[in-house]
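> Dropping a prediction and its sequence here:
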Amino acid sequence: MDRAGFETMGTPLSAVSSGKQVEILRFQAGRGLQARLASMGILPGVGVRVVRNDSFGPLVLGLKGTRLMLGRGVADRVLVRQSDLE
């Protein structure tokens with residue numbers, strides 16, 4: 001684990017607290033979901049801010065001046081690490 005307790009292999013996006021800045025590492029998903037995430041700008045290496053994660057319902061993400069909502073099931077398949085940009 002690194003300094004913030006995030007595993008080196010990645011933490012599911014659904015487990016990240018509101019207000020945290022994270023970097024997308026990889027997806028645990030098929031090609032269809034990967035393509036859908038890519039069409040929204042969610043790609044490995046991209047930084048996103050978790051605007052809202054209430055531990056139920058969709059997550060609200062901030063990405064390049066826009067807000068996106070991801071369902072919890074999709075967010076479980078996106079692995080992230082804490083960003084140094086905070």
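Cool, the structure landed. Numbering: from 1, shown residues only.
> How many residues are close by the closest residue to Gly71 other than its chain neighbours?
The shortest distance from Gly71 to any non-neighbouring residue, by CB to CB, 6 or more residues apart in numbering, is to Pro58 (5.3 Å). In this view, the C-beta of every residue, glycine as well, is placed from N, C-alpha and C. Counted with other CB atoms under 10 Å, the neighbours of Pro58 add up to 17.
> Pull the contacting residues for the residue minimising distance to the centre of the chain.
The centroid of the chain falls nearest to Leu13 when counting by CA atoms, centre = their mean (4.0 Å). By CB atoms under 8 Å, 6 or more residues apart in numbering, Leu13 lies in contact with 22, 50, 59, 70, 75-76, 78-80.
> next structured bit after the top helix by length along the chain?
The residue-count maximum for a helix in the chain (DSSP state H) belongs to helix 31-39. Following helix 31-39 in sequence order, the next helix or strand is strand 47-52 (DSSP states H and E).
> what sits against Leu68?
Counted by CB under 8 Å, 6+ apart, Leu68 has contacts 40-42, 60-61.
> Of these, select the buried ones using a PyMOL command.
Filtering the contacts of Leu68 down to the buried ones (16 or more other CB atoms under 10 Å) takes a single PyMOL command:
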select buried, resi 42+60+61
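> And the contacts of Leu68, which two are furthest apart?
Spatially, the most separated pair among the contacts of Leu68 is Gly41 and Val60, at 14.8 Å (CB to CB).
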